[in-house]
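# Model the following, please.
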Amino acid sequence: MTPTPLDWELDNCTIARAMAILGERWTVVVLREIFTGVRRFDDMRERTGIPRQVLTNRLTRLVDQGLLRREPYREPGARQRHEYRLTEKGLDLWPVLVALLSWGDRYLADPEGSPLVAAHRDCEAPVRIELRCADGHEVDTPRAVVPRPGPGLHSR
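Down below sits the predicted model:
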């Protein structure tokens, strides 16, 4: 017999674990900046208005979690500083940001449209998120998906 969702213990839920890292507004804004090519602390701070200590904390957490790595650089006559680069783990969040951008464009954009567009480098066509099952079928509605117990499920 398949357990019902109320029978599931979700202390090890990977959605909750991901949100423990990403669930704060400034964290996603920092990732947006780095994905768009803004990699230096002062540039991020100037573009976003994130308070200095908050930005420091978010960058440290993203480095500690393995989403970013620090790379040293030195401007002539200045002390060594760091810029932030995405790791493979961080790059794997790109579809999440594209999905957030798409949702925001649909429901929250100004009348003139979004200030940011994700375009395919080769042809300039807009990039969009599509869901497919492992057999390649398009999943076009939430009702086409059913939650099932996974291998890490613990019973209550």
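
# Quick one: the strands in this structure, in order.
In the chain, strands defined by DSSP state E lie at 8-9, 68-74, 80-86, 154-155, listed in chain order.

# What's the mean pLDDT across the first one?
Okay, so that is strand 8-9. Throughout strand 8-9, pLDDT has a mean value of 76.

# I would like the residues contacting that strand, please.
149, 153-156 (C-beta atoms under 8 Å, 6 or more residues apart in numbering). C-beta: built from backbone N, CA, C; applies to glycine.

# could you dump the residues you listed to JSON lines with neighbour count, pLDDT and distance to Thr14?
Below are the contacts of strand 8-9 laid out as JSON lines (neighbours: other C-beta atoms under 10 Å; pLDDT from 0 to 100; distance: C-beta to C-beta, whole Å):
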{"residue": "Pro149", "neighbour count": "14", "pLDDT": "82", "distance to Thr14": "14"}
{"residue": "Leu153", "neighbour count": "13", "pLDDT": "82", "distance to Thr14": "12"}
{"residue": "His154", "neighbour count": "10", "pLDDT": "80", "distance to Thr14": "13"}
{"residue": "Ser155", "neighbour count": "8", "pLDDT": "78", "distance to Thr14": "18"}
{"residue": "Arg156", "neighbour count": "9", "pLDDT": "77", "distance to Thr14": "18"}
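
# Please name the residues that touch Leu67.
Contacts of Leu67 (C-beta under 8 Å, 6+ apart): 21, 31, 86-87, 89-90, 93.
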